[in-house]
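**Q** Kindly generate the corresponding structure for this input.
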Amino acid sequence: MKKKFAMTSNVQRFLAGIDVVGARGAGEAGMLLVYGEPGYGKSRTAKWWALRREVDAIHLTGRQTWTPHWAMTDLVAALGEEPQRTNEQLYAQALRVLSRTHQPIVIDEAENTLPDHAAVLNTFRDLTDFLETTLVLVGTGELEKAIKNYRQISSRIADKVQFLPATVGDVATMCRDLCEVGVSDDLVEEIHYHTNGRVREIMNAIDRVERFGKDNNLATVTRAAMAGREIINNWQTKKESKVRPVQTALRAVQGGGK
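**A** Now for the predicted structure:
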């Protein structure tokens, strides 16, 4: 597949949320909350943004075993420093580097910052409050619900972005931007049908379409060409999802759904 990043509607909402944080009035209100069900592209989008040359953010993944000490150790290591021993030393290290670089911080799986009365997240809050830098928290809907219990934290959220299932238009964008062969409109709709808008599965489906197109020297792959072939494999139900014959697909649409 092409080495590009597809600008889906979720990505556009994420970038709009980043803009809101950047335009905030209160310097300490520098948090962006990103949440949604697994598979909708939250982590992938946050990491893509963090690693952009013009952003150069620090990207961390929260661990279930995180304590403030371990979290600061991971942060200092990500900043390119040799972590020192005590909490005070680690905090001072992070503060010294970030005072110079002003890099945003992204924490994926941010639910892991909330145990022990949000001790880990409050440590990051102290740091980003002082520096007035951006802190992006990425997690599920449970994170969005739980964080409301911590007023000192929730009051610093400048905006929140919910990741939703990809639309048919999003699938078309991904096929256009990522697939090295053309994908017909009816096959785009078929990918959306089988994946329920989950980005991970859409990526897998696009990969299969691309391989099929290349193997058969097709400039554009259609639903009819792939009819009866597996488009994704659902390991949970252990059922294959095969491209439906065109007539069957039309009857399903006329009948009001799957």
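**Q** How about residue 180: what's its closest non-neighbour residue?
**A** The shortest distance from residue 180 to any non-neighbouring residue, by CB to CB, 6 or more residues apart in numbering, is to residue 210 (5.4 Å). C-betas here are computed from N, CA, C, even on glycine.
**Q** Which strand or helix spans the one you found?
**A** If you go by DSSP states H and E, residue 210 is part of helix 199-215.
**Q** Return the residues in contact with the residue nearest to residue 180.
**A** Residue 210 is in contact with 1, 179, 180, 181, counting by CB atoms under 8 Å, 6 or more residues apart in numbering.
**Q** Could the C-alpha coordinates of the helix holding residue 210 be exported in CSV?
**A** Extracted C-alpha coordinates of helix 199-215, given in CSV (Å, rounded to 0.1, in the frame of the first residue of the first chain):
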residue,chain,number,x,y,z
VAL,A,199,-10.2,1.3,10.4
ARG,A,200,-8.1,-1.8,11.2
GLU,A,201,-10.4,-4.1,9.2
ILE,A,202,-10.7,-1.5,6.4
MET,A,203,-6.9,-1.5,6.1
ASN,A,204,-6.8,-5.3,5.9
ALA,A,205,-9.5,-5.3,3.3
ILE,A,206,-7.7,-2.7,1.2
ASP,A,207,-4.6,-4.9,1.4
ARG,A,208,-6.5,-7.9,0.0
VAL,A,209,-8.0,-5.8,-2.8
GLU,A,210,-4.6,-4.5,-3.8
ARG,A,211,-3.0,-8.0,-3.8
PHE,A,212,-5.9,-9.3,-5.9
GLY,A,213,-5.7,-6.4,-8.3
LYS,A,214,-1.9,-6.9,-8.8
ASP,A,215,-2.1,-10.6,-9.1
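**Q** mean confidence score for that helix?
**A** Averaging pLDDT along helix 199-215 gives 97.
**Q** go on, stretch 10-30?
**A** 93.
**Q** residues of it that come out buried?
**A** For stretch 10-30, the buried set under the neighbour-count rule, 16 or more other CB atoms under 10 Å, comprises 10, 11, 13, 14, 17, 18, 21, 24, 30.
**Q** Same list, the residues you listed, but as a markdown table with distance to residue 135 and secondary structure please.
**A** Output for the buried residues of stretch 10-30, formatted as a markdown table (distance: CB to CB, whole Å; DSSP: H, G, I helix; E, B strand; the rest coil):
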| residue | distance to residue 135 | secondary structure |
| --- | --- | --- |
| 10 | 20 | helix |
| 11 | 20 | helix |
| 13 | 18 | helix |
| 14 | 15 | helix |
| 17 | 13 | helix |
| 18 | 12 | helix |
| 21 | 9 | helix |
| 24 | 12 | coil |
| 30 | 6 | coil |
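**Q** No further questions, thank you.
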